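> Just a sequence and a predicted model for now, questions to come.
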Amino acid sequence: MSEPVVVSEIRDAVKWVCFNRPEVRNAVTFECADLARAAIESAPDDGARVVVLSGRAGAFCAGADLKSMAGDALASFDVKAQLAQHYHPFVMSMADSPLPVIAAVDGAAAGIGSDIALAADMRLASDKAFFAEIFINIGLLPDGGGTFHLPRIVGLARALEMAMTGQRVPATQAMEWGLVNHVYPAETFEASVQEFASVLAKKAPLSLARSKRAMRAALCDTSLAASLQREAEMQEELFASSDFQEGVAAFLERRSPTFTGS
């Protein structure tokens, strides 16, 4: 039997969801997108507090597996329908998850692999990582939310340069552009990602969820007043939580809080 194309496991409240097609540098198929989405959506019920999306064997994701749609299949391929059925739900599962979703990028994040990483809340990269919007090389444009996320993260001019040239942006440059949060040595990358994620996993779950929801929603706000209103409503909810009471008590008692998500 062949190995599953997506594998997952939980390590200390951190759910790792890994593309598992190392023979093609984790190029994704519709099955990969569906399985990764399901793993992300089930993470809260699995007891996870953070999700890490990664790839096996020194690559994050080299893009879509074009071989799976070559020849006669390509001639009848309904790209709009397939994006809507498979990749859009996958991307939205990251945005809609109440948990922080981290893309752990080691090696290539190319084509839709780059845009999958962009859809995560944060990106951690190894010093061997690179991002490339290679759609231009086959006459396409970034999809999977790339046109939404990329200009918001790196600015319009840099986003257009990436989309129009297909250039590789190595980890150090990605760090300078704000495309990634941290860069770690490839030799210790997985352990460094786990350490970072474990810190988040100890934070207040309700606060994490609302911080994520508020900031993502604010990306589309047209006024400061709308963001202020949303903050006030969510803060009111958090004030009523047991975790807020625990946080205040721990602060006054000079100890580490134990948050339960209630």
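Noted; the coordinates are in hand.

> which residues are contacting stretch 197-213?
Residues external to stretch 197-213 that are found in contact with it (Cβ atoms under 8 Å, 6 or more residues apart in numbering): 12-14, 48-50, 52, 98-100, 102, 121, 234, 237-238, 241, 243-244, 247, 256-257, 259-262. All C-beta atoms are positioned from the backbone trio N, CA, C, and that covers glycine.

> Tell me which stretches of the protein form strands.
6-11, 14-19, 50-55, 101-105, 108-110, 122-126, 130-132, 168-170, 182-184 (DSSP state E).

> Convert stretch 98-112 to CSV, retaining C-alpha atoms only.
Provided in CSV are the C-alpha atoms of stretch 98-112 (Å, rounded to 0.1, in the frame of the first residue of the first chain):
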residue,chain,number,x,y,z
PRO,A,98,-10.0,29.4,15.5
LEU,A,99,-6.4,28.1,16.0
PRO,A,100,-3.2,29.9,14.9
VAL,A,101,-2.0,28.2,11.6
ILE,A,102,1.7,28.3,10.9
ALA,A,103,3.2,27.4,7.6
ALA,A,104,6.6,25.8,8.2
VAL,A,105,8.4,26.4,4.9
ASP,A,106,11.6,24.3,4.3
GLY,A,107,12.8,24.4,0.7
ALA,A,108,10.4,25.2,-2.1
ALA,A,109,7.1,27.0,-1.7
ALA,A,110,6.3,27.5,-5.3
GLY,A,111,3.1,28.2,-7.3
ILE,A,112,0.1,27.3,-5.3
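
> got the strands of the chain as JSON lines, with mean pLDDT and mean neighbour count columns?
Shown next, in JSON lines, are the strands of the chain (pLDDT from 0 to 100; neighbours: other Cβ atoms under 10 Å):
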{"stretch": "strand 6-11", "mean pLDDT": "98", "mean neighbour count": "17"}
{"stretch": "strand 14-19", "mean pLDDT": "98", "mean neighbour count": "24"}
{"stretch": "strand 50-55", "mean pLDDT": "98", "mean neighbour count": "28"}
{"stretch": "strand 101-105", "mean pLDDT": "98", "mean neighbour count": "27"}
{"stretch": "strand 108-110", "mean pLDDT": "98", "mean neighbour count": "28"}
{"stretch": "strand 122-126", "mean pLDDT": "98", "mean neighbour count": "25"}
{"stretch": "strand 130-132", "mean pLDDT": "98", "mean neighbour count": "24"}
{"stretch": "strand 168-170", "mean pLDDT": "98", "mean neighbour count": "18"}
{"stretch": "strand 182-184", "mean pLDDT": "98", "mean neighbour count": "18"}
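
> would you turn these into CSV with distance to residue 224?
As requested, the strands of the chain are exported to CSV (distance: least, Cβ to Cβ, whole Å):
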stretch, distance to residue 224
strand 6-11, 39
strand 14-19, 35
strand 50-55, 30
strand 101-105, 27
strand 108-110, 34
strand 122-126, 25
strand 130-132, 31
strand 168-170, 32
strand 182-184, 30
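
> Mark which of the contacts of stretch 197-213 are buried, thanks.
13-14, 48-50, 52, 99-100, 102, 121, 234, 238, 241, 243-244, 247, 257, 259 (16 or more other Cβ atoms under 10 Å).

> First-to-last residue distance for stretch 46-65?
30 Å (Cα to Cα, to the nearest Å).

> Show the average pLDDT along the longest helix anywhere in the chain.
As assigned by DSSP state H, the longest helix anywhere in the chain is helix 224-239. With pLDDT averaged residue by residue, helix 224-239 scores 98.
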